[in-house]
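Participant: after the sequence you'll find the predicted model.
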Amino acid sequence: MSVLLQREIDRLKRQILELSAEVEETLVDAVRAVENRDPSLARKAAAGEAATNAHEIDIEEECLKILALHQPVASDLRFIIGVLKINQDLERIGDLAVHIAERATVLSGEAPLAGVFSLNEMSGKAQMMLKKSLDAFVNQNSAAAKAVCAADYEVDLLKKEINRQVLAAIRRQPDRLEAYLQVMHVARHLERIADHATNIAEDLIYMVQGDIVRHQVDGETGGTAGR
């Protein structure tokens with residue numbers, strides 16, 4: 001690898017890590033906004049969307065520039081392709097976090113809902129999956145990435161349980177239909193965030209090993225949300 005190409009790749013790593021930090025912060029704020037019924041946190045989460053979108057475009061343009069100017073091969077080529085995919089997944093996670101923040105804004109104007117839902121557990125697992133997938137990227141750790149893929153099934157089960165809980169609550173309080181549906185929407189967004197975290201983990205495995213493991217990790221279906 002030429003010195004110039006190495007410098008460009010190092011810069012690209014810094015850019016994708018900066019975007020990762022932005023997206024993680026947005027997701028944390030959005031989830032806390034739901035948990036605490038805090039419209040100010042919801043607004044903070046939504047305010048970062050434009051910067052995230054601009055950062056995503058910058059990274060894509062940087063990848064295309066490297067491909068055009070340096071024509072990387074082997075592991076360098078896999079890295080650039082992987083970053084292009086991870087970049088897209090991070091942007092989508094940022095969008096979904098903003099959607100969660102919007103639900104939090106609606107719920108903050110409603111009376112507290114009766115019943116206890118599993119949102120906290122589900123949001124914790126989705127955030128953990130995102131953090132671990134990004135840690136796996138930083139450390140180029142394919143074993144850690146495979147563990148993220150395996151956790152996706154747990155999030156899917158939690159979404160089904162929340163849907164069951166919400167439907168039961170709607171039967172008890174049909175007049176609160178709209179508010180309960182917001183909970184269901186949050187669960188759906190969290191499930192998709194977990195899918196995108198799985199995508200990131202799968203792309204890391206491709207970067208490190210050169211193996212395409214989509215739909216094959218630990219016998220479970222992988223992510224591929226939005227792809």
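Facilitator: Arrived safely, thanks for sending.
Participant: who's in contact with Val28?
Facilitator: Gln127 (Cβ atoms under 8 Å, 6 or more residues apart in numbering). To be clear about C-beta, it is placed using only N, CA and C from the backbone, and glycine gets the same treatment.
Participant: one more pass at 10 Å, please.
Facilitator: In this structure, Val28 makes contact with 41, 45, 97, 123, 127, 130-131, judged by Cβ atoms under 10 Å, 6 or more residues apart in numbering.
Participant: nearest to Glu35, of those residues?
Facilitator: Ser123 (7.7 Å; Cβ to Cβ).
Participant: looks like that closest one contacts Glu35 (just checking).
Facilitator: Yes: with contact defined as Cβ atoms under 10 Å, Ser123 counts as touching Glu35 (7.7 Å).
Participant: and the two? Which one has more around it.
Facilitator: For Ser123 versus Glu35, neighbours defined as other Cβ atoms under 10 Å are more numerous around Ser123 (26 against 13).
Participant: quick one: buried residues of the helix or strand hosting that one?
Facilitator: Secondary structure from DSSP states H and E places Ser123 in helix 119-139. Within helix 119-139, the residues that count as buried by 16 or more other Cβ atoms under 10 Å are 119, 122-123, 125-127, 129-134, 136-137.
Participant: need the max-distance pair from those residues.
Facilitator: Leu119 and Phe137 (27.0 Å).
Participant: identify the residues contacting the residue lying closest to His70 once chain neighbours are set aside.
Facilitator: Closest residue to His70 apart from its sequence neighbours, by Cβ to Cβ, 6 or more residues apart in numbering: Leu5 at 4.7 Å. Listed by Cβ under 10 Å, 6+ apart, the contact partners of Leu5 are 66, 69-72, 76.
Participant: from those, list just the buried residues.
Facilitator: The neighbour-count test (16+ other Cβ under 10 Å) marks 66, 70, 72, 76 as buried among these.
Participant: out of those residues, the closest to Cys149 would be?
Facilitator: Of all the buried ones among the contacts of Leu5, Cys149 sits closest to Asp76, with 24.4 Å by Cβ to Cβ.
Participant: which residue packs closest to Met207, ignoring adjacent ones?
Facilitator: Spatial nearest neighbour of Met207, chain neighbours left out: Gly82 (4.1 Å); criterion: Cβ to Cβ, 6+ apart.
Participant: so which strand or helix has that neighbour?
Facilitator: helix 74-108.
Participant: cool, Ile193 as well?
Facilitator: Using DSSP H and E, Ile193 falls within helix 177-209.
Participant: sorry, back to before: let me know the angle separating the helix holding Ser123 from helix 177-209.
Facilitator: For helix 119-139 against helix 177-209, the angle by axes from the mean of the first three to the mean of the last three Cα atoms, to 10 degrees is 20 degrees.
Participant: for the record, mean pLDDT for helix 119-139?
Facilitator: Averaging pLDDT along helix 119-139 yields 93.
Participant: for that helix, which helices and strands make contact with it?
Facilitator: helix 3-36, helix 74-108, helix 142-172, helix 177-209 (3 or more Cβ pairs under 10 Å, 6 or more residues apart in numbering; DSSP states H and E).
Participant: which of the ones you listed sits most buried?
Facilitator: Counting by mean count of other Cβ atoms under 10 Å, helix 177-209 has the highest mean neighbour count of the helices and strands packed on helix 119-139, with a mean of 23.
Participant: would you confirm that Glu161 contacts Glu191?
Facilitator: No: if you go by Cβ under 10 Å, Glu161 and Glu191 don't touch, sitting 11.6 Å apart.
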